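# Got a predicted model here, sequence first, then my questions.
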Amino acid sequence: MKRLLTFVSFASLFLGTAHAQEPKPLFPAEPREIAPGVWFQQVNGSSNCSWIVFDDYVLVIDANFSWVAQALEERIKKTTPKPIRYVFDTHHHGDHAEANPWWASRGAEIVCQDACRAELEQKGAKQWEEMLVKHPEFKAVPFKLPTSSFTKTRVFEDAHHRAELVTFGWAHTKGDAFVWLPKEKIIFTGDACVNGPFNYLGDASTADWISVLDAVGKLPFETLCPGHGPLGGRDTLAEQRSYFVDLRQTVGDMMKQGKSFAEIERSVSLPRYEKWAGRKPATLNIQKVHDELRLAK
Ligand SMILES: [Zn+2]
């Protein structure tokens, strides 16, 4: 329970929400095989996790926090006896990448985009040290950076699966990358697309984010595995894009009317988003868009 509360409080902080949340089970459901050898595990209070079972190895999408990664490894091993040889981070945030050293200690190579690696070079060791304060059971695991990184794309392929790791630029973070499965028409988006009120904009560029979502939308995907929230589809991407378009438009219009930030923050109303999230956009999201538009003048 204590662990779960830690997740929830971290998620509240991380996602910019201040109100108390009921603790939810870490795994709301069993992992789901969404195509032969392709698994999706929704996770509450941390990031989702997916894995692809190749002929000789497993590729895991998003390392997660170490204490979640341990539970994920157990789940993965129930689905396949093949070794977990690669772990890919969709970006550098702790709920996606903190467990890199732990996976490395289990024999996996860690892969991410160049800018994600650069962020981890700056912040990863500190993130790991902070985690050890609460979870000393990982003290024997040495900190490690990703084994390799790529600039535009990296492909994993065998006779049955092809997974393209690909970046389209700065969105949720500078180092966002996606996994695209062209045969199964499945896209794994990390936090560049979430399915619910999970948008954190602390490292984002919302203008570029919209362009990235447009690029993703050109792929003929049918299933979308988001960084947070339940499995989605093309509508999920459209919803995510609309949120940023509407938020930028609304805040921009009010700025043109000469409204102060306090007035804007008070009066922003996005019914479409409120239907989705049950509340108005987080102040931090409004602030981020306001800052971007002010600097773009
Ligand atoms: Zn994130």
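That came through, no problem.
# what does the stretch 151-297 of the chain put close to the ion?
Within the stretch 151-297 of the chain, the residues that sit near the ion (Cβ under 5 Å from the ion) are residue 191. No exception for glycine: its C-beta is placed from N, CA and C like everyone else's.
# which ones are touching whatever residue of the stretch 151-297 of the chain ends up closest to the ion?
Closest residue of the stretch 151-297 of the chain to the ion, Cβ to the ion: residue 191 (3.6 Å). Going by Cβ atoms under 8 Å, 6 or more residues apart in numbering, residue 191 touches 47, 90-91, 93, 96, 172-173, 176, 198-200, 227-228.
# Buried residues in stretch 288-297, which are they?
288, 289, 290, 292, 293 (16 or more other Cβ atoms under 10 Å).
# pretty sure the fourth one is in a strand, no?
Meaning residue 292. No - Residue 292 sits outside any strand when classified using DSSP: H, G, I helix; E, B strand; the rest coil, being helix.
# Tell me which residues touch the nearest residue to it once chain neighbours are set aside, please.
Computed as Cβ to Cβ, 6 or more residues apart in numbering, the closest residue to residue 292 that is not its neighbour in sequence is residue 206, at 6.0 Å. Contacts of residue 206 were listed using Cβ under 8 Å, 6+ apart, and they are 244, 247, 248, 288, 289, 292.
# Do you know the pLDDT at the fourth one?
Just to be clear, that refers to residue 288. In the predicted model, residue 288 carries a pLDDT score of 95.
# give me the element it is part of.
In the assignment (DSSP states H and E), residue 288 maps to helix 283-296.
# From the chain's centroid, how far away is that helix?
21 Å (Cα atoms, centre = their mean, to the nearest Å).
# neighbours of residue 232, just the number please.
Neighbour count for residue 232, taken as other Cβ atoms under 10 Å: 21.
# Find the closest residue to the ion in the stretch 1-150 of the chain.
residue 93 (3.5 Å).
# My guess is that residue contacts residue 173. True?
Yes - contact criterion Cβ atoms under 8 Å: residue 93 and residue 173 qualify, at 7.0 Å.
# what's the overlap in contacts for the two?
191, 203.
# Can you check which helix is longest in this structure?
If you go by DSSP state H, the chain has its longest helix at helix 234-256.
# Just list what that one packs against, helices and strands only.
Helix 234-256 sits against helix 206-217, strand 223-226, helix 261-267, helix 271-277, helix 283-296, with contacts defined as 3 or more Cβ pairs under 8 Å, 6 or more residues apart in numbering; DSSP states H and E.
# Need the CA coordinates for the shortest one. CSV is fine.
Read it as strand 223-226. Provided in CSV are the C-alpha atoms of strand 223-226 (Å, rounded to 0.1, in the frame of the first residue of the first chain):
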residue,chain,number,x,y,z
THR,A,223,-4.2,0.7,-32.7
LEU,A,224,-2.5,3.3,-30.4
CYS,A,225,-0.7,2.3,-27.2
PRO,A,226,-0.5,5.5,-25.2
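# Measure how far that strand is from the centre of its chain, please.
The answer for strand 223-226 is 11 Å, by Cα atoms, centre = their mean.
# All further residue positions should be reported with the first residue as 29.
Sounds good: first residue 29 from here, last item strand 251-254.
# Tell me which residues are up against it.
Contacts of strand 251-254 (Cβ under 8 Å, 6+ apart): 62-63, 68, 76, 78, 89, 212-217, 221-223, 259-262, 264-265.
# what's the answer for the fourth one, then?
The contact list for helix 299-305 (Cβ under 8 Å, 6+ apart) reads 224, 225, 267, 270, 271, 274, 275, 308, 309.
# and the residues you listed as CSV, adding pLDDT and neighbour count?
Listed next are the contacts of helix 299-305 as CSV, based on pLDDT from 0 to 100; neighbours: other Cβ atoms under 10 Å:
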residue, pLDDT, neighbour count
224, 88, 16
225, 86, 20
267, 92, 17
270, 93, 16
271, 92, 24
274, 94, 16
275, 95, 22
308, 86, 17
309, 89, 25
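# Next, format those residues as a markdown table and append distance to residue 291.
Converted to a markdown table, the contacts of helix 299-305 look like this (distance: Cβ to Cβ, whole Å):
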| residue | distance to residue 291 |
| --- | --- |
| 224 | 28 |
| 225 | 23 |
| 267 | 27 |
| 270 | 24 |
| 271 | 21 |
| 274 | 18 |
| 275 | 16 |
| 308 | 14 |
| 309 | 15 |
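# show me where the stretch 129-278 of the chain has strands.
Taking DSSP state E, counting those that start in this stretch as the test, the strands found in the stretch 129-278 of the chain are 137-141, 176-178, 181-185, 190-194, 206-209, 214-218, 251-254.
# Sweet, I'm off.
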